[in-house]
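Trainee: Sharing a model that was predicted from the sequence below.
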Amino acid sequence: MPCPIAKLAYGLRHRLSELATPIERYDLQIAAGAVSICPPKRQTIREFSPMFACENGSISVYGHAMGQPKTTQIVLYKNTLFKCRLRAVFKNFDLPDLASESFTHFILQPFMLVLQNCNISKHFIDTLFNKVGTVVKNVEIMNNADYRFLPRNYFAVLSMFENRSLKLLRFIVLATQFTLSDFVALTKFLGAQQQGFSLQLVILQHCEQWDLHFPKLKLFLNERLKYCGTLPPHGCTYVYIRYRDVTHAWYSSVLGPELPK
């Protein structure tokens with residue numbers, strides 16, 4: 001129900017407009033049920049799929065500007081406001097970077113979230129999801145730089161997403177960036193997901209540790225899930241792993257909590 005903001009004196013509404021961030025000004029317009037609530041400037045909003053990049057301690061925003069075929073840097077003016085509903089990319093982010101004022105220009109409700117060379121921790125993921133809400137269904141983590149690492153305990157990363165109601169969690173990482181251990185935690189994580197969830201691991205390069213432990217992981221999955229090569233049946237929960245340019249996939253048609261232990 002619209003609030004009686006529109007009944008406030010013109011001067012007060014004018015001052016509110018000056019003090020408000022673009023998101024706050026937009027929210028005031030929604031609450032009032034009219035764009036004229038914030039004179040003299042009405043807050044407009046555009047759809048946009050941004051890439052936020054942390055470069056030398058500052059946040060830059062990139063995307064496809066109107067009429068531009070290539071990705072270009074976007075200038076955020078005082079009244080710029082975008083809404084993201086498709087895909088948002090975060091590149092080279094640490095936890096403090098998530099407090100950037102750049103985010104006051106964005107209503108973030110992406111279906112897909114891409115984290116590229118970010119310093120992943122539980123606090124980082126919790127803080128990020130507080131910004132993007134519960135609409136995220138697909139998450140892709142890309143760590144292909146030696147100076148940024150996932151936690152060494154790979155399965156600790158899974159637990160950060162355990163209650164996020166995702167449909168897809170994809171890792172594209174170097175083989176040396178995490179260890180393979182505690183396989184039981186993997187099936188526990190899968191069992192907590194909704195039917196149709198997909199866990200995908202794309203392992204770049206190779207290392208002695210993966211060469212040693214990957215056969216053990218395949219044996220573990222073979223005993224608990226059904227091996228299907230590359231294409232699992234539609235609607236099934238499945239695990240997809242690509243290592244040394246060979247693709248493997250396992251699936252279960254059983255609902256989450258009943259996944260074989």
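Mentor: Happy to help now that I have it.

Trainee: From residue 109, how far off is residue 119?
Mentor: 24 Å (C-beta to C-beta, to the nearest Å). Yep, even glycine has a C-beta here, placed from its N, CA and C like the rest.

Trainee: next one: residue 31
Mentor: In terms of C-beta to C-beta, residue 31 sits 18 Å off from residue 109.

Trainee: Same question for residue 47.
Mentor: From residue 47 across to residue 109, the span is 11 Å (C-beta to C-beta).

Trainee: Of these two, which one has the most company?
Mentor: Higher neighbour count among residue 47 and residue 109: residue 109, with 16 against 9, using other C-beta atoms under 10 Å.

Trainee: Was I right to think that one contacts residue 82?
Mentor: No. Using C-beta atoms under 8 Å, residue 109 is not in contact with residue 82; the gap is 11.1 Å.

Trainee: per the record, what domains does this protein have?
Mentor: 1-44, 47-258 (automatic domain parsing).

Trainee: Just put those domains in JSON lines and tack on mean pLDDT.
Mentor: Shown next, in JSON lines, are the domains of the chain (pLDDT from 0 to 100):
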{"stretch": "domain 1-44", "mean pLDDT": "67"}
{"stretch": "domain 47-258", "mean pLDDT": "85"}
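
Trainee: before we move on, back to that, shared neighbours, residue 47 and residue 109?
Mentor: 83, 84, 85 (C-beta atoms under 8 Å, 6 or more residues apart in numbering).

Trainee: And the closest residue in space to the last one that isn't next to it in sequence, how far from residue 222?
Mentor: On the basis of C-beta to C-beta, 6 or more residues apart in numbering, the spatially nearest residue to residue 85 that is not a chain neighbour turns out to be residue 109, at 5.3 Å. Distance check for residue 109 against residue 222: by C-beta to C-beta, it reads 39 Å.

Trainee: And residue 126, by the same measure?
Mentor: 35 Å.

Trainee: pull the CA atoms of the strand or helix carrying residue 184 into PDB?
Mentor: Assessed by DSSP states H and E, residue 184 sits inside helix 183-191. Provided in PDB are the C-alpha atoms of helix 183-191 (Å, rounded to 0.1, in the frame of the first residue of the first chain):
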ATOM      1  CA  PHE A 183      34.300 -37.700   0.500                       C
ATOM      2  CA  VAL A 184      31.400 -38.300   2.800                       C
ATOM      3  CA  ALA A 185      30.900 -34.600   3.100                       C
ATOM      4  CA  LEU A 186      30.200 -34.500  -0.600                       C
ATOM      5  CA  THR A 187      27.200 -36.800  -0.400                       C
ATOM      6  CA  LYS A 188      26.000 -35.000   2.700                       C
ATOM      7  CA  PHE A 189      26.100 -31.700   0.700                       C
ATOM      8  CA  LEU A 190      24.300 -33.200  -2.300                       C
ATOM      9  CA  GLY A 191      21.700 -34.800   0.000                       C
END
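
Trainee: Check which helices and strands it sits against.
Mentor: Other helices and strands packing on helix 183-191, by 3 or more C-beta pairs under 8 Å, 6 or more residues apart in numbering; DSSP states H and E, are helix 154-159, helix 208-224, strand 237-243.

Trainee: got the contact list for the last one?
Mentor: By C-beta under 8 Å, 6+ apart, the surrounding residues in contact with strand 237-243 are 175, 186, 190, 193, 195-203, 206, 210, 214, 217, 221, 225, 228, 232, 247-254, 256, 259.
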